[in-house]
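Novice: Got a sequence here, can you build the structure:
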Amino acid sequence: MKILTFTDLHTDKNILAELDDKVKSADLILCQGDIAWLGDGAKEMIEHFDTWDTPMLLIHGNHESGSEVKKSCEKSKNIEFIHNKIIMNNNIMFIGHGGEWYNQISEDFETFTKTIKEEIKKQKPKTIILMTHMPVHNTKQDYIYSAHRGNKSYRKFVEEFQPDFVLFGHFHQTFHIKDIIGKSLLINSGPDGEFIEF
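Specialist: Residues are numbered from 1 along each chain as shown. The predicted structure follows:
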């Protein structure tokens, strides 16, 4: 499977044109949010994504409303909104948790973790991919303005469950920087995206 993952597009039409070419060789597309800019443009971006005719899993960032993104995705033919959802595909478990805004402890995610734990035991996935918008705490990707500003709840989850891939964005300063926690590869793929192949 060849996956194209990207984040923080912020309605950039030039980068969108680059993605138009990249999606042609992807089996699946993953987006970690902030497709809009200060609340504007999410609907138009989702309509464009739907023209790619490739299955896509998407979460919202802090620049768009989760409820509005969910509504737009419900009208699409190829896009699934997976905030607080678990999707199984070819023995790969995709876990989505969008939004957040400098909340280092996420009670919402920690409640969701109970469901995830049950599903991991039940489904026994070969591969686990966690998608969030905010980065994981205490990594190369969350250190900006002289402090680690990522999410501590995500860190706790990654240390305990060791997903194979953790995909996120939010901090533009760390686009295309990778880190590792145990066996988990952490990727901030940026708006122009990166491929994961396995």
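Novice: residue ranges of the strands in this structure, please?
Specialist: Remark: strands assigned in the chain by DSSP state E are 2-6, 28-31, 56-58, 79-81, 85-89, 92-97, 127-132, 143-144, 147-148, 165-168, 178-181, 184-188, 194-197.
Novice: wait, which of these is closest to residue 66?
Specialist: Among the strands of the chain, the nearest to residue 66 by CB to CB is strand 79-81 (8.0 Å). To be clear about C-beta, it is placed using only N, CA and C from the backbone, and glycine gets the same treatment.
Novice: For that closest one, give me every contacting residue.
Specialist: With CB atoms under 8 Å, 6 or more residues apart in numbering as the test, strand 79-81 has contacts from 46, 49-50, 55-60, 66, 69-70, 73-74, 87, 96.
Novice: Report the buried members of those.
Specialist: 46, 49-50, 56-60, 66, 69-70, 73, 96 (16 or more other CB atoms under 10 Å).
Novice: can you put the residues you listed in CSV and add pLDDT and distance to residue 6?
Specialist: Below are these laid out as CSV (pLDDT from 0 to 100; distance: CB to CB, whole Å):
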residue, pLDDT, distance to residue 6
46, 98, 14
49, 98, 10
50, 97, 16
56, 98, 10
57, 98, 12
58, 98, 10
59, 98, 12
60, 98, 14
66, 96, 19
69, 97, 15
70, 97, 19
73, 97, 16
96, 98, 15
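Novice: of all those, which comes closest to residue 143?
Specialist: Of all the buried ones among the contacts of strand 79-81, residue 143 sits closest to residue 59, with 22.9 Å by CB to CB.
Novice: residues in contact with that closest one?
Specialist: 31-33, 81-83, 96-99, 131-133.
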